[in-house]
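Novice: Provided below are the primary sequence and the corresponding predicted coordinates.
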Amino acid sequence: MVKRAPSRFNPDVLAREACRFEAELPISQFPRLAEQLFSTDGSVVATFGVNERKDHTVIRGSLSFDATLQCQRCVESFVMPIQADFELVCVASQAEADALPDALDPVVLDDNGQLHLVDLLEDDALLQLPDIPKHEDHESCQPGEQSFGDVQEATAADKSNPFGVLKDLKY
C-alpha cells in the first residue's frame, strides 16, 4: 500500500505501519537545492519505506528529478535527469551518528524525534549533483564568443635580455 508522505514524521511510528510512502514536491521548496540549479522548474518525486532493523529504524527509498544546470564549458543550461536510491539509519544524536560504522548513512532526528521530509530529501538530492556540471558530449557545447583583449606584438627592441646585467659584473 502506498500512502502520501507527511511533511514531518516520526520514523518509529511509520515503521509500525509497514507501508510505502510517496511524495512529489516542487523544487522551489528546497532552498539549498534551488541555489545550485539554473532553474527551479519541476519537482522532486520520492518513494520510501520505513522499517525496523536490529536496533535502528531505517528509511529506504529513491528520489528522482530533472536538474536544470549551467554547463561550465559553454555556460548554457541543460537538463540532467537525477535518480538516486538512499538508505538512512535514524539516530537521536550526533554522538550516535558518529558511533555508526562508516558503511551506514545516519540521519539525526530533531528534539521531538521527528524528521522534516524536505530536509531529508534535500540532503540526498544535493549529493547527486555533479561537482562540475557540463554536457556529457562535447557536441552539445557551443562555445560562445571568446575575447581576451588586444594583444600587441613585442618588437625586438622591447625584448631585453634578463642576463644582460651580468656582463657588466667584474670577477
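Specialist: Thanks, I have the structure now.
Novice: helix/strand/coil for the residue nearest in space to the middle of the chain?
Specialist: Nearest residue to the geometric centre of the chain (Cα atoms, centre = their mean): residue 126, 2.3 Å. Assigned with DSSP: H, G, I helix; E, B strand; the rest coil, residue 126 falls in the helix class.
Novice: distance of it from residue 139?
Specialist: Here the criterion is Cβ to Cβ, to the nearest Å. By it, residue 126 lies 29 Å from residue 139. Where C-beta positions appear, they are placed from N, C-alpha and C, glycine not excepted.
Novice: give me the pLDDT for residue 109.
Specialist: With respect to pLDDT, residue 109 scores 90.
Novice: please apply the same query to residue 44.
Specialist: Per-residue pLDDT puts residue 44 at 95.
Novice: what helix or strand is it located in?
Specialist: strand 43-53 (DSSP states H and E).
Novice: can you map out the strands along the protein?
Specialist: With DSSP state E, the ranges of strands along the chain come out as 2-4, 8-9, 20-26, 43-53, 56-70, 77-91, 105-108, 115-116.
Novice: dump those strands into JSON lines; add mean neighbour count and distance to residue 170 as well.
Specialist: Below are these laid out as JSON lines (neighbours: other Cβ atoms under 10 Å; distance: least, Cβ to Cβ, whole Å):
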{"stretch": "strand 2-4", "mean neighbour count": "10", "distance to residue 170": "91"}
{"stretch": "strand 8-9", "mean neighbour count": "15", "distance to residue 170": "85"}
{"stretch": "strand 20-26", "mean neighbour count": "16", "distance to residue 170": "80"}
{"stretch": "strand 43-53", "mean neighbour count": "18", "distance to residue 170": "77"}
{"stretch": "strand 56-70", "mean neighbour count": "19", "distance to residue 170": "62"}
{"stretch": "strand 77-91", "mean neighbour count": "16", "distance to residue 170": "67"}
{"stretch": "strand 105-108", "mean neighbour count": "16", "distance to residue 170": "73"}
{"stretch": "strand 115-116", "mean neighbour count": "18", "distance to residue 170": "80"}
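Novice: dump those into a markdown table; add distance to residue 98 as well.
Specialist: A markdown table is the format used below for the strands of the chain (distance: least, Cβ to Cβ, whole Å):
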| stretch | distance to residue 98 |
| --- | --- |
| strand 2-4 | 33 |
| strand 8-9 | 24 |
| strand 20-26 | 28 |
| strand 43-53 | 19 |
| strand 56-70 | 14 |
| strand 77-91 | 9 |
| strand 105-108 | 8 |
| strand 115-116 | 19 |
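Novice: if I average pLDDT within each of the ones you listed, which one is lowest?
Specialist: The minimum mean pLDDT among the strands of the chain belongs to strand 2-4 (a mean of 82).
Novice: thank you, goodbye.
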